[in-house]
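>>> fold the following.
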Amino acid sequence: MSEIINNQTFEAMFEELTKTLEKLEEGDLPLDESLALYEHGVELVKQ
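Reported below is the predicted structural model:
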């Protein structure tokens, strides 16, 4: 997944992070999906 992140522009990563946060804030996801989204968001922030 990190390889995909490295090829994205800042704007694309920011938009993806925003969508990820919105999904997490809804709170309707199972725990495993929430954790996966959280981890993906952390990877986006690290870039």
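
>>> how many neighbouring residues does residue 40 have?
Residue 40: 15 surrounding residues under other C-beta atoms under 10 Å. All C-beta atoms are positioned from the backbone trio N, CA, C, and that covers glycine.

>>> nearest residue to the most centrally placed residue in the chain in space, please, no chain neighbours.
Central residue of the chain (C-alpha atoms, centre = their mean): residue 41, 3.2 Å from the mean position. Among residues not flanking residue 41 along the chain, residue 20 sits closest, at 4.7 Å (C-beta to C-beta, 6 or more residues apart in numbering).

>>> read off the pLDDT value for the one you found.
pLDDT for residue 20: 92.

>>> what comes into contact with the helix or strand encompassing it?
Per DSSP states H and E: residue 20 is located in helix 10-26. With contact meaning C-beta atoms under 8 Å, 6 or more residues apart in numbering, helix 10-26 is reached by 5, 8, 29, 34, 37, 38, 40, 41, 44, 45, 47.

>>> what residues sit buried inside it?
Judged by neighbour count (16 or more other C-beta atoms under 10 Å), helix 10-26 contains these buried residues: 13, 17, 20, 24.

>>> cool, stretch 37-47 as well?
37, 41, 44.

>>> what's the spacing between the strand or helix carrying the first one and its chain's center?
In this case it means residue 37. Assigned by DSSP H and E, residue 37 falls within helix 31-46. In terms of C-alpha atoms, centre = their mean, to the nearest Å, the centre of helix 31-46 is found 5 Å from the chain centre.

>>> tell me what angle it forms with helix 10-26.
150 degrees (axes from the mean of the first three to the mean of the last three C-alpha atoms, to 10 degrees).

>>> show me the shaky parts of the protein.
Residues of the chain meeting the criterion pLDDT under 70: 1-7.

>>> how about residue 32, what does it touch?
If you count contacts by C-beta under 8 Å, 6+ apart, residue 32 has none.

>>> quick thing: my sequence starts at 5, can you match it?
Sounds good: first residue 5 from here, last item residue 36.

>>> for residue 32, give me phi and psi.
With angles defined as degrees, to the nearest 10, residue 32 sits at phi -90, psi 0.
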